[in-house]
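Enquirer: Sequence below, structure please.
(one chain, ligands or ions: 2)
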Amino acid sequence: MSGPLILGIETSCDETGVGIVRGHDLLANEVASSVEEHVRFGGVVPEVASRAHLEAMLPTLERACATADVDLTEIDAIAVTAGPGLVGALVVGLASAKALAYALNKPLYGVNHLAGHVAVDLLDHGSLPSPCAALLVSGGHTSLLTVEDMASKITELGSTIDDAAGEAYDKVARLIGLPYPGGPHIDRAAVDGDPTAISFPRGLSTNRDLIKHRFDFSFSGLKTAVARWVEERRLAGQDVPVADVAASFQEAVCDVLSAKAMDACRATGATDLLIGGGVAANGRLRALLAERAAENKITLRTPRPALCTDNGAMIAALGAEVVSRGLRPSGLDLGADPGLPV
Ligand code: KG4
Ligand code: ZN
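Expert: Ligands and ions are numbered 1, 2, ... in the order given. Just a heads-up that it's a prediction; the model follows:
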């Protein structure tokens with residue numbers, strides 16, 4: 001193992017994550033989630049998330065140090081999510097990271113959460129070929145990217161024009177009576193369903209759409225189509241076949257995501273496709289992408305599911321890249337940027 005020891009702190013949404021890496025070696029990845037506290041509200045309540053981060057931060061840090069068997073004084077640099085995310089949640093991570101950097105007299109690096117979802121793959125598969133295409137699918141974002149340099153050159157080819165893929169999973173889950181967060185529940189329910197049972201629309205996929213929105217996504221029409229289908233069924237006094245709706249909805253999402261991701265590889269000449277973000281943990285998305293990547297002779301890089309959802313290791317991994325490029329540390333006046341673009 002070589003390279004500096006990097007601590008990564010993540011608090012952009014409802015997961016308090018602390019990771020420790022050295023180069024591409026993952027030494028610790030401790031996550032405390034406040035998701036249970038949000039379930040009854042059907043979505044993340046920002047103030048509840050901030051308070052949970054405040055309570056979980058130091059215990060999570062202590063667990064990470066114990067797992068990695070390192071003392072805080074051995075840490076060489078601290079990376080922290082500066083955005084995008086919920087501002088009150090980001091502030092807790094930033095304040096903690098600043099206090100540590102100040103007390104330990106170590107450099108502080110504010111990094112981008114979205115780039116972190118991409119960089120985490122380094123821990124599972126090592127260095128990337130350039131250019132590499134990336135499909136980022138989370139609760140707040142859905143984008144196709146080209147990655148030339150993890151630390152400094154990620155370009156967006158297209159993104160969702162309305163809901164993110166994870167948001168669509170969460171909203172549809174609610175429509176069919178599955179709890180928040182809906183993604184993993186739909187993933188499981190769909191296993192027993194027929195993906196061809198109901199034909200749901202594939203957003204921005206007609207020839208006409210592709211002229212202007214070749215690499216963009218739209219999931220709000222799909223969500224409305226599911227809502228209408230479910231409503232008609234209920235009005236007719238019929239049961240809603242949850243597994244079939246879940247599988248058919250999921251097929252529509254994964255079909256569009258994988259078709260556009262393959263097209264992005266073709267257009268950019270990328271031989272590798274990386275996927276990241278919470279929805280990248282989805283079983284059907286991983287299987288369909290694997291099938292299509294094999295047909296198109298693309299190498300698919302899928303981080304293990306625990307590294308796809310929000311965590312501190314992804315921030316530490318990106319921090320290690322930033323440090324290895326010799327980029328300048330952030331000042332101790334670093335602020336939170338809830339709308340930070342990739
Ligand atoms: O990346 P992430 O943990 O947080 C954000 O940065 O948004 O993504 C959370 C999203 C949620 O919408 C959740 O429902 C979805 O990822 N998700 C999944 C799965 N696991 C998490 N969606 C589909 N299938 C899954 N297995
Ligand atoms: Zn995320």
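Enquirer: distance of residue 182 from residue 311?
Expert: 20 Å (CB to CB, to the nearest Å). For every residue, glycine as well, the C-beta is placed using N, CA and C.
Enquirer: Over to residue 32?
Expert: Distance from residue 32 to residue 311, by CB to CB: 11 Å.
Enquirer: which residues do those two both contact?
Expert: Listed as contacting both residue 32 and residue 311 by CB atoms under 8 Å, 6 or more residues apart in numbering are residue 15.
Enquirer: So between these two, which is more surrounded?
Expert: residue 311 (24 against 17; other CB atoms under 10 Å).
Enquirer: what about residue 100, which helix or strand?
Expert: helix 87-104 (DSSP states H and E).
Enquirer: quick one: is that helix near ligand 1?
Expert: No: applying CB under 6 Å from any ligand atom, one finds helix 87-104 out of contact with ligand 1, separated by at least 11.0 Å.
Enquirer: Give me the contacts around the next helix or strand after that helix.
Expert: On the C-terminal side of helix 87-104, the closest following helix or strand by DSSP H and E is strand 108-112. Contact partners of strand 108-112, identified using CB under 8 Å, 6+ apart, comprise 77-84, 94, 97-98, 101, 315, 318-319, 322-323, 327, 329-330, 332, 334, 340, 342.
Enquirer: Check the residue of the stretch 201-342 of the chain found nearest ligand 2 and give its pLDDT.
Expert: Closest residue of the stretch 201-342 of the chain to ligand 2, CB to the ion: residue 310 (4.4 Å). pLDDT recorded at residue 310 is 97.
Enquirer: Shouldn't it be within a helix?
Expert: No: using DSSP: H, G, I helix; E, B strand; the rest coil, the secondary structure at residue 310 is coil, not a helix.
Enquirer: in the stretch 151-300 of the chain, which spans are strands?
Expert: For the stretch 151-300 of the chain, the strands defined by DSSP state E, counting those that start in this stretch cover 153-159, 272-276, 299-301.
Enquirer: Parallel or antiparallel, list what pairs with the shortest one.
Expert: Partner strands and pairing direction for strand 299-301 (DSSP bridges) are strand 272-276 (parallel).
Enquirer: Contacts made by the partner strand with the rest, please.
Expert: With CB under 8 Å, 6+ apart, strand 272-276 has contacts from 117-118, 120-121, 128-129, 132-138, 147, 261-262, 264-265, 285-286, 289, 293, 298-303, 308, 314.
Enquirer: Make a PyMOL selection of the buried ones in these.
Expert: Filtering those down to the buried ones (16 or more other CB atoms under 10 Å) takes a single PyMOL command:
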select buried, resi 117+118+120+121+128+132+133+134+135+136+137+138+147+261+262+264+265+285+286+289+293+298+300+301+302+303+308+314
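Enquirer: Show me what the helix ranked longest in the chain is packed against.
Expert: Using DSSP state H, we find that the single longest helix of the chain is helix 242-268. Secondary-structure packing of helix 242-268 (3 or more CB pairs under 8 Å, 6 or more residues apart in numbering; DSSP states H and E): strand 132-137, strand 142-149, strand 153-159, helix 165-175, helix 182-190, helix 220-235, strand 272-276, helix 283-295.
Enquirer: The helix holding residue 100 near ligand 2 at all?
Expert: No: Helix 87-104 stays clear of ligand 2 (CB under 5 Å from the ion), getting no nearer than 11.6 Å.
Enquirer: Confirm for me that residue 296 is in contact with residue 263.
Expert: No: at 9.7 Å, residue 296 does not count as touching residue 263 under the criterion of CB atoms under 8 Å.
Enquirer: of those two, who's got more company?
Expert: residue 263 (18 against 15).
Enquirer: Now the residue in the stretch 51-200 of the chain positioned nearest to ligand 2. Its backbone dihedrals?
Expert: Of all residues in the stretch 51-200 of the chain, residue 138 sits closest to ligand 2, at 4.3 Å by CB to the ion. Main-chain torsions, residue 138, degrees, to the nearest 10: phi -130, psi -170.
Enquirer: Could you measure from it over to ligand 1?
Expert: Relative to ligand 1, residue 138 is positioned 3 Å away (criterion: CB to the nearest ligand atom, to the nearest Å).
Enquirer: Assign a three-state SS to residue 78, would you?
Expert: strand.
Enquirer: isn't it right next to residue 102, touching?
Expert: No: applying CB under 8 Å, one finds residue 78 not in contact with residue 102, separated by 9.9 Å.
Enquirer: Neighbour count: the two, which is higher?
Expert: A direct count of neighbours by other CB under 10 Å for residue 78 and residue 102 places residue 78 higher, at 28 against 12.
Enquirer: Tell me who's in contact with the spatially most central residue of the chain.
Expert: Centroid-nearest residue in the chain, with CA atoms, centre = their mean: residue 277, separated by 1.9 Å. Residue 277 makes contact with 117, 136-139, 141-142, 166, 308, according to CB under 8 Å, 6+ apart.
Enquirer: Pick the one among these closest to residue 151.
Expert: residue 117 (14.3 Å; CB to CB).
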